[in-house]
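>>> generate a structure from the sequence data that follows.
(chains A and B)
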Amino acid sequence: MNLQNIFSEIEKVDGEIFDRLAHVSRRGLFSSLTKKTIAVAAPAIMASALNKSYGQALPQGVKDVLNFALALEYLESGFYNTGGNLTMIPTIYKEAFEIIRRHEEVHVKLLRTVLGADAIPMPKFDFTAKGTFPDVFSNFQTFSAVAQTFEDTGVRAYKGQAPNLMVAPAILQVALQIHATEAAHAANVRQLRGQKGWITGGTAAMQGLPAVVNASYAGEENVVQAGANLASLLVGNAALKIPITMDMVTESFDEPLTKDQVLAIVAPFFA
Amino acid sequence: MTEKKHNFFSSMEKVTNRPDTVSSAAASRRSFIRVAGAAAVTGGLLTACSTADETSVQPTGSARAAGDVVNLPTGDVGILSFAYVLEQLEAAFYEMVVAKPYMGMTANQKQILTDIGGHEIIHREFFRVAVGNFVPNLTFDFSGIDFNDKGSVLQAAADFELVGVGAYNGAGKYLKSADYLTLAGKIVSVETRHHSIIRELQYPRLDAFAGPTIVTSDTGLHKAYEPTYVLPIAQKFIKETISASALLASVS
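The predicted model follows:
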């Protein structure tokens, strides 16, 4: 399967979409539904609310982002639904992987419901990544390493798409909330593998992972934010109460990945 | 699993309206630093410290006091200033935690809390560069937290992190600049990692890092809090009065 063909390019934001957004904002998703309602709403109700705010016509660019997210959630959900039932997961980690599995499952459900008939179907997977991880479902070390890579990559993937959802504020917020859930998963999987909860540096080796997943971490070594070199400003700055290290600077900001970068990373996992 | 109640956060959640208009993509592409003003880049960092050896933290920079009012600016710069307030709060808290380790703090716990404190200081200094002209060094009151007690410190840390996660997630939709939204996204996932790890320290090997009190069971969504919910919580620890009325009017 050629993943690139699944997705059309993100449409440029045009005037028509801004007109639609202005209309939507006046109608106000949040004026008819309290935040609490949204937070506890079942997927169907939330999806209906999100859809209604666009008069059943989500902008194509938003649909593309949601289908891209759905592909990644299918991948994660398929992975944990297969791996989560296996006896190789040590008992002490079963509860963690079970809650993660359930989250990916409801992420799929939510995105499918929002997209309705526009949702892409579930692809077929090869979780060995064409033989790179042959024991992924029989060796917990391999399973948890792939899990960490998926979660850290998922965080970066959602982050990269946030600007494309600015035309749809309610959907942007939901995407940010999913993004945070992936980060909570990532930190937990990292710590149970004996890694820090945060990404240090920009290589797989620094996360206790094989070089084959380097692309999932490339760019995380960045220390320049909005033009400010935080390493040169802060590392060794004696005025600060906690000495700042280069590692801390790379850890303190997670970096986005583009859609193309993410598709290249996950392509081997699609059959 | 058993779980302590949040010790200082109410469960009320409030909502404000979303913005009615969205700026053009072109207008939203302004440089982060250009908005902030180049002077802040060179001027801010040397006054970066606040003392961490007292319960009441007194900044060494532009000192303020209870009764002083800090008016957050409007629009995107106001949202960033709001984030700067929260990052100052978090950084000051961890400066205290690291300076006065609770009884029985293990080497691993100290490493984790030092890492997190370092990250929050970096976030604070980043925002100082960006919006340091709009918000002074704040003065904090952590007298409700027993820094000798592991349970008290970890619960406070979890609460601060969760409010931070929710604040960024709830404020993202108000940003008009895609660049600022990306920056907020780069930070919020790190705050979420902190929260996840703190929860693991509190309740190891359970689902506490993302259980149903944190992430909705049927949709898998982490917290999102409106600024009107976050500010009164943060205010409890800040001696100055943070006024967001202009900011809230500008985004509603």
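>>> got a list of what residue A:83 touches?
Contacts for residue A:83 were tallied using Cβ atoms under 8 Å, 6 or more residues apart in numbering or on different chains; they are A:89, A:97, A:127, A:136, A:137, A:143, A:147. Where C-beta positions appear, they are placed from N, C-alpha and C, glycine not excepted.
>>> looking at those residues, which are in helices?
Counting by DSSP state H, the part of the contacts of residue A:83 found in helices is A:97, A:143, A:147.
>>> and of the contacts of residue A:83, the nearest to chain B?
The closest of these to chain B turns out to be residue A:97 (Cβ to the nearest Cβ; 9.7 Å).
>>> count the neighbours of that closest one for me.
Neighbourhood size, residue A:97 [other Cβ atoms under 10 Å in any protein chain shown]: 24.
>>> which residues sit in contact with it?
Contacts of residue A:97 (Cβ under 8 Å, 6+ apart): A:80, A:83, A:84, A:89, A:147.
>>> same thing but 6 Å
Contacts for residue A:97 were tallied using Cβ atoms under 6 Å, 6 or more residues apart in numbering or on different chains; they are A:84, A:89.
>>> ok, the one 10 residues further on next?
The contact partners of residue A:107, by Cβ under 6 Å, 6+ apart, come to A:73, A:178, B:220.
>>> hmm, the last one is touching residue A:104, no?
What it means is residue B:220. No - between residue B:220 and residue A:104 there is no contact, the gap being 7.4 Å when judged by Cβ atoms under 6 Å.
>>> can I get the ones in helices among the contacts of residue A:83 in JSON lines including pLDDT?
What follows is the ones in helices among the contacts of residue A:83, written out as JSON lines (pLDDT from 0 to 100):
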{"residue": "A:97", "pLDDT": "96"}
{"residue": "A:143", "pLDDT": "97"}
{"residue": "A:147", "pLDDT": "98"}
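>>> quick one: low-confidence residue ranges for chain A.
A:1-56 (pLDDT under 70).
>>> all strands of it, in order?
With DSSP state E as the criterion, chain A has strands at A:224-225, A:228-229.
>>> could you point out which of the ones you listed sits nearest chain B?
Using Cβ to the nearest Cβ, the strands of chain A put strand A:228-229 closest to chain B, at 5.0 Å.
>>> the closest one near chain B at all?
Yes - between strand A:228-229 and chain B, judged by Cβ under 6 Å from any Cβ of the partner chain, the touching residues are residue A:228.
>>> what pairs with that strand, and is each one parallel or antiparallel?
strand A:224-225 (antiparallel) (DSSP bridges).
>>> ok, and what's touching the partner strand?
Under Cβ under 6 Å, 6+ apart, the answer for strand A:224-225 is A:253, B:126.
>>> now swap in stretch A:171-187 and tell me
Outside stretch A:171-187, the residues touching it (Cβ under 6 Å, 6+ apart) are A:50, A:100, A:103, A:107, A:151-152, A:154-155, A:158, A:165, A:197, B:165, B:169, B:172-173, B:189, B:192-193, B:196-197, B:209-210, B:215, B:220-222, B:224.
>>> give me the neighbour count for residue A:231.
18.
>>> enumerate the residues of the stretch 51-200 of chain A near chain B.
A:92, A:95, A:99, A:103, A:106-107, A:110, A:155, A:159, A:162-163, A:169, A:172-173, A:176-177, A:180-181, A:183-184, A:187-188, A:191, A:197-198.
>>> if you look at the residues you listed, which of them are in helices?
Per DSSP H, the subset of these in helices is A:92, A:95, A:99, A:103, A:106-107, A:110, A:155, A:159, A:169, A:172-173, A:176-177, A:180-181, A:183-184, A:187-188, A:191.
>>> PyMOL command to pick out the buried ones of those?
Selection of buried members from those for PyMOL, criterion 16 or more other Cβ atoms under 10 Å in any protein chain shown:
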select buried, chain A and resi 99+103+106+107+110+155+159+169+172+173+176+177+180+181+183+184+187+188+191
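>>> what's residue 119 in contact with, if anything?
If you meant another chain, say so; for now it's chain A. Taking Cβ under 6 Å, 6+ apart as the test, what residue A:119 contacts is residue A:112.
>>> hm, I was asking about chain B
For residue B:119, the contacting residues are A:252, B:190, by Cβ under 6 Å, 6+ apart.
>>> gap between it and residue B:190?
6 Å (Cβ to Cβ, to the nearest Å).
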